[in-house]
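1. Sequence below, structure please.
(chains A and B)
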Amino acid sequence: MMPSTPTPSRFLPTSELQALINVLAGRGYELIGPTIEQEAIVYGPIASIDDLPRGWTDVQEPGKYRLARRDDDALFGYVVGPFSWKRFLFPPSATVATADRTADGWRMGSPADKPPKYAFLGVRACELAALAVQDRVFLNGPFVDPIYRARREQALIVAVNCTQAAPTCFCTSMGTGPRCTAGFDLALTEIVGGGIAESGFIVEVGSETGSAILGELPTREVVDGELSAADAARQRAVDQIQRRMETDDLHDVLLNNLEHPRWNQVAERCLSCSNCTMVCPTCFCSSVKEVSDLDGDHVERRREWESCFNIDFSYMNGGIVRNQIRSRYRQWLTHKLASWVDQFGTSGCVGCGRCITWCPVGIDLTEEVAAIRSTEP
Amino acid sequence: MTATALLAGTAANPWQSHTVAIRELVSEAAGVNTYQLGFVDDAAASAFRFHPGQFNMLYLPGVGEVPIGISGSSAEERTWWHTVRLAGNTTRALGKLARGDTLGLRGPFGSWWPLEACEGRDVVLVAGGMGLPPLRPAIENLLAQRERYGKLTLIYGARTPDTLIYAREYRNWSWRGLDVQTTVDQAPLGYRGNVGVVPRLFDRLHSLVPERTIVLTCGPEVMMRFTVRSALARGLSIEQLWVSLERNMQCAVGLCGHCQLGPEFICKDGPVFRYDRVERWMGVEAF
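-> Numbers count the residues shown, from 1 in each chain, chains lettered A, B, ... in the order given. Next up is the predicted model:
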């Protein structure tokens, strides 16, 4: 909840960012933030600012992701990588139920879930939107997912405004960014170089918890030029966004064109590899597997990420409903952009561009939408 | 930022199964058994109520979980019928269990037949194969309050005479006021019943009064689509037709994504739909 009077923004020098990490640790949070692993910026445990990708950026285009050196020491000078916060709130593998064999038969149980108390550092505006989408899916329907809820309720969010964009970004089309406007406890804008006396962060408060944390940090008042430098940095991201997706009537354009020839064309390129669904920050499909101990007396029901691109996803009664890549790609795109709206009152797409970057053959959903739109019968 | 303010759903853990024991086991046909399941825990038994048309998830630890329509009367309070075709991994493992064995159950889930809307109306129930079990609770409830309804007709088709399930009950149902008509795809020489597809029996229904009739149908999708076609041809409107659909259902609560048909989650928005809600999607191949 917002404090009754908005706290004015404060300035936190980069040299003091470690204080934020320490305060969060002191409050019992497990801090997750950007770090470099396997030549990508991913989200993982952060103990020190030395874990952050200082001076690195990402270079993205359809089917391509590379790290590159920046010519400054920015800590958050990248866009988004293959991970999203989904993997912490909706873990790729989680035990949802247990069963134990007893003398009187099977005893059904629930796992003892001790969810970590996460603090997320570096959440982008499109990712705040993705969290809001997943809240609707997992918390806001007739049934609540207990795994997601337990993690989400405790999570603290330190957002970081984008100061650059990738060619794959289209958050401005989806109305989700690049500016962080709500859904965070604290939001930072990093200013570095460019005539600034001191590199650091403009810190905005989004909740009472955020306000209390800010009070424990060695911040100072914002001085002349710093706010305009932050504005300029954020504007740079806006200006760099080139990709667009026309969203007017998108729901009907897709659902009225389920037999469009474009589905056949994209199916010739699509490998049905499921990468797009794995990197998507809102895709929520899952399957449950039975995991027994060796004598079969203790069984865990393990829920794992699943994809509508896997052929057995739609298996039923000895048959596969979506037996062709055409129908699986159509399912994914129409769900994400159209039927998601019917189901949850929001698009399932936040414009982060991950599915474009991480598609091995560079299929671009904005291009597919434009093609269907331009040749609507 | 906490999400507490967004929380609107139920706090109950949808993954929690309850232990049930097989109280009775009846063979309906080759590879089709009915299990009467009773809760081991009295509190779970008292809390369990269902509407005709809903389903449960039956769970065999270490093997898997399957959605099975509840096929007993909703007035029964100690045991619940589940008629299962033993076809897949989990159901074949279920077929190896005996009376007294335990398994897991969670439910009931999904939407139900519009029996209140049937009051004062004629009702035609149309079932194919394993589509009859999810209609059986509707039959029981209709017959339990027979005076509230007009003409009641069941049209039921199966592949062969020996795969017509619940055959022992047809005489009782007829006696209680249900016109039971069966048909089979194939029959041995000398079979005196109907041979042919289900919609043809619908075409031949005499004394059908379209404006006062409601159709409830469950079976293979192709059968339901042709039944709908027959009903429309006889002058019924699409709002008078109800179908029960099937898809791969794993979580049963709209969270796993498997059972989607366009905007619908079959598990939580269905399985029972008024036909106008799903007509558009049922015609799309491989959707």
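2. which SS class is residue B:62?
-> Using DSSP: H, G, I helix; E, B strand; the rest coil as the criterion, the local structure at residue B:62 reads coil.
3. Count the residues that sit near it.
-> 19 (other CB atoms under 10 Å in any protein chain shown). All C-beta atoms are positioned from the backbone trio N, CA, C, and that covers glycine.
4. So it sits against residue A:289, correct?
-> No - with contact defined as CB atoms under 8 Å, residue B:62 does not reach residue A:289; the gap is 10.7 Å.
5. if I pick the residue in the stretch 1-150 of chain B that chain A sits nearest to, what's in contact with it?
-> Minimum separation of the stretch 1-150 of chain B from chain A (CB to the nearest CB) falls at residue B:102, amounting to 3.0 Å. Shown in contact with residue B:102 (CB atoms under 8 Å, 6 or more residues apart in numbering or on different chains): A:104-106, B:19-22, B:40.
6. Tell me the one among those residues nearest to residue A:47.
-> Residue A:47 has its nearest neighbour among the contacts of residue B:102 in residue A:106, at 43.1 Å by CB to CB.
7. Quick check: bridge partners of residue B:37?
-> Residue B:37 forms beta bridges with residue B:22, residue B:80, as assigned by DSSP bridges.
8. Mind pulling the model confidence for it?
-> Looking at residue B:37, its pLDDT stands at 97.
9. That one: what's it in contact with?
-> Per CB under 8 Å, 6+ apart, neighbours of residue B:37: B:20-23, B:58, B:79-82, B:103, B:105.
10. top of these by neighbour count?
-> residue B:20 (30 neighbours).
11. and residue 15, how many neighbours does it have?
-> I went with chain A, as the question did not name one. With other CB under 10 Å as criterion, residue A:15 counts 12.
12. my question was about chain B
-> A total of 25 residues lie near residue B:15 under the criterion other CB under 10 Å.
13. from the contacts of residue B:37, which single one is nearest residue A:352?
-> Comparing these against residue A:352 with CB to CB places residue B:58 closest, at 39.7 Å.
14. Against residue B:125, how distant is that closest one?
-> Distance from residue B:58 to residue B:125, counting by CB to CB, to the nearest Å: 24 Å.
15. what about the strands in the stretch 51-200 of chain B?
-> Ranges of strands in the stretch 51-200 of chain B, per DSSP state E, counting those that start in this stretch, are B:55-60, B:64-69, B:79-85, B:102-109, B:122-128, B:152-158, B:179-184, B:194-195.
16. er, the stretch 151-300 of chain A actually
-> A:156-160, A:186-191, A:200-205, A:220-221, A:286-292, A:298-305.
17. sorry, back to before: so can I have JSON lines of the strands of the stretch 51-200 of chain B showing distance to residue A:44?
-> JSON lines is the format used below for the strands of the stretch 51-200 of chain B (distance: least, CB to CB, whole Å):
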{"stretch": "strand B:55-60", "distance to residue A:44": "35"}
{"stretch": "strand B:64-69", "distance to residue A:44": "34"}
{"stretch": "strand B:79-85", "distance to residue A:44": "46"}
{"stretch": "strand B:102-109", "distance to residue A:44": "35"}
{"stretch": "strand B:122-128", "distance to residue A:44": "54"}
{"stretch": "strand B:152-158", "distance to residue A:44": "58"}
{"stretch": "strand B:179-184", "distance to residue A:44": "62"}
{"stretch": "strand B:194-195", "distance to residue A:44": "67"}
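18. I'd like those laid out as CSV, including mean pLDDT.
-> Formatted as CSV, those follow (pLDDT from 0 to 100):
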stretch, mean pLDDT
strand B:55-60, 98
strand B:64-69, 96
strand B:79-85, 95
strand B:102-109, 96
strand B:122-128, 98
strand B:152-158, 98
strand B:179-184, 97
strand B:194-195, 96
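19. closest one to residue A:302 among these?
-> Nearest to residue A:302, of all the strands of the stretch 51-200 of chain B, is strand B:64-69, at 12.1 Å by CB to CB.
20. On the strand side of things, show who the residue in the stretch 1-150 of chain A that chain B sits nearest to bridges to.
-> Nearest residue of the stretch 1-150 of chain A to chain B (CB to the nearest CB) works out as residue A:105 at 3.0 Å. On the basis of DSSP bridges, residue A:105 is bridged to residue A:102.
21. pretty sure it contacts residue B:21?
-> Yes - Residue A:105 lies in contact with residue B:21 (CB under 8 Å); the separation is 6.6 Å.
22. what about residue A:370, distance to residue A:376?
-> From residue A:370 over to residue A:376 the distance is 11 Å, taken as CB to CB.
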